[in-house]
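S.K.: requesting a structural model of the entry that follows:
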Amino acid sequence: MRDPAARSRAVATAVALLIVASSPPRRVDAQATFDVKPLLSRNEQGDITFGARWAATVEPTTETKLALSYPRETWWGARGEGAWLSSAAGSAEPLVDASAEFGLQVLLLKQHACTPAHCPEDLVGFDLGYVVLGLEVQGESDGTAIETMGQAGGVFLYRPPFSWSSTGVGFVVPTFSLGVGAAWPLRSALRAALGVAEEQYRRTDVAFGWTIRLERNWVPKGLQPLRFDAHLAQFTHGDLEQAIVDSVGTRGRFVAFDVGYALPERTRHVRDVFLRWSEGKHSTLPTGRKGWLLGVSIALGSGGRHREAP
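M.R.: Okay, the predicted model is just below:
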């Protein structure tokens, strides 16, 4: 669908279908979270960078009508991630990444019927997580803001139950997201150097994420605060100028591994210390980078449902 007008009509139709298909719950309030991660990083050239990464989210607090099977609700959310670094060129990940989403959330949950005379101890028949189908607008910038892009399109998300992260199921069932849409280079030194126009192109994103926690009775108490995260993402671009294809290709892959250790609750806002290794490409880092991060996670905002992109 290369015609911009046709693309606009398709997006408008998708929005209308989502609004009609969903049953809006009664909105109570909105909630926000804000985390800061002071860190030291080391890139593949051995350069040391210090600074902090931050992440903010805003989501609605809703009341959903009780349903025994597959309750649903409209959902919207916004998130932003960024960094303050002593040397932005040393970052292996984008300097700024922000997005906003709107869609229909369906809980893959079934509950037993309950009457005053008889109520099972376990009301939940099964809980397989939830899915979200919706629309997403996203922006991304590299460490020096010379490569900046925006995109819009459809997104499908699946999140398994949080409890699975401390069982064997967490090893094999990841979070998953699929995004398909159009992207625009808002600023591109690469295209300027190649003499290529900053035109619209197609973009597809696929991402997987695994979280493993050792919060089990048979695990020694000193090891229970350990957390392991893995992240795998790949993007594919289409309708690119041949000069761009010859220079950086049409695909990119990014992988990251985290090891975290949760600190006692008496530390209040300090959640954990972590070590992160990442390698690969982003749309605004097309040549690829890799490096290490050592940092501390500090939660400065309120809690609540926190949906993290895989």
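
S.K.: okay, and the closest residue in space to S283 that isn't next to it in sequence sits in which element?
M.R.: In space, S283 comes closest to M149 once its chain neighbours are excluded; the distance is 5.2 Å by C-beta to C-beta, 6 or more residues apart in numbering. Using the backbone N, CA and C atoms, a C-beta is placed for each residue, glycine as well. Per DSSP states H and E: M149 is located in strand 147-159.

S.K.: CA atoms only: put that strand into CSV for me.
M.R.: The C-alpha trace of strand 147-159 is given here as CSV (Å, rounded to 0.1, in the frame of the first residue of the first chain):
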residue,chain,number,x,y,z
GLU,A,147,19.3,9.9,13.3
THR,A,148,15.7,10.3,14.4
MET,A,149,12.6,8.5,13.2
GLY,A,150,8.9,8.2,13.8
GLN,A,151,6.5,5.4,13.0
ALA,A,152,2.8,4.5,13.3
GLY,A,153,0.9,1.3,12.8
GLY,A,154,-0.8,-1.7,14.3
VAL,A,155,0.5,-3.7,17.3
PHE,A,156,-0.3,-7.1,18.8
LEU,A,157,1.0,-7.8,22.4
TYR,A,158,1.0,-11.0,24.5
ARG,A,159,2.0,-11.0,28.2
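
S.K.: strand partners (parallel or antiparallel) of that strand?
M.R.: Each strand paired with strand 147-159, and its direction, by DSSP bridges: strand 124-141 (antiparallel), strand 175-188 (antiparallel).

S.K.: by mean pLDDT, show me the worst of these.
M.R.: For the strands paired with strand 147-159, mean pLDDT drops lowest on strand 124-141, to a mean of 86.

S.K.: how about it: buried residues?
M.R.: 127, 129-141 (16 or more other C-beta atoms under 10 Å).

S.K.: now those as CSV including distance to Q111?
M.R.: Listed next are those as CSV, based on distance: C-beta to C-beta, whole Å:
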residue, distance to Q111
D127, 9
G129, 15
Y130, 14
V131, 18
V132, 20
L133, 22
G134, 25
L135, 30
E136, 30
V137, 35
Q138, 35
G139, 39
E140, 40
S141, 44
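
S.K.: which one of the residues you listed is nearest S188?
M.R.: Closest approach to S188 among those (C-beta to C-beta): S141, at 10.9 Å.

S.K.: ok, the closest one touching S188?
M.R.: No: between S141 and S188 there is no contact, the gap being 10.9 Å when judged by C-beta atoms under 8 Å.

S.K.: follow-up on the earlier one: considering the buried residues of strand 124-141, which is situated nearest to P94?
M.R.: E140 (5.1 Å).

S.K.: who are the contact partners of that closest one?
M.R.: 94, 96-98, 148-150, 282-284 (C-beta atoms under 8 Å, 6 or more residues apart in numbering).

S.K.: in CSV: these, plus distance to L108 and pLDDT.
M.R.: Listed next are those as CSV, based on distance: C-beta to C-beta, whole Å; pLDDT from 0 to 100:
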residue, distance to L108, pLDDT
P94, 32, 81
V96, 33, 85
D97, 28, 89
A98, 28, 91
T148, 37, 89
M149, 33, 91
G150, 32, 92
H282, 31, 84
S283, 31, 81
T284, 34, 81
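
S.K.: can you count the residues close to T148?
M.R.: By the criterion of other C-beta atoms under 10 Å, T148 has 21 neighbours.

S.K.: ranges for the strands of this structure?
M.R.: 26-43, 48-63, 72-85, 96-111, 124-141, 147-159, 175-188, 201-213, 226-238, 251-262, 270-282, 285-299 (DSSP state E).

S.K.: skipping adjacent residues, who's closest to G82 in space?
M.R.: G82's closest residue in space is V96 (C-beta to C-beta, 6+ apart), at 4.6 Å.

S.K.: can you get me the start-to-end distance on stretch 190-201?
M.R.: Stretch 190-201 has an end-to-end distance of 15 Å (C-alpha to C-alpha, to the nearest Å).
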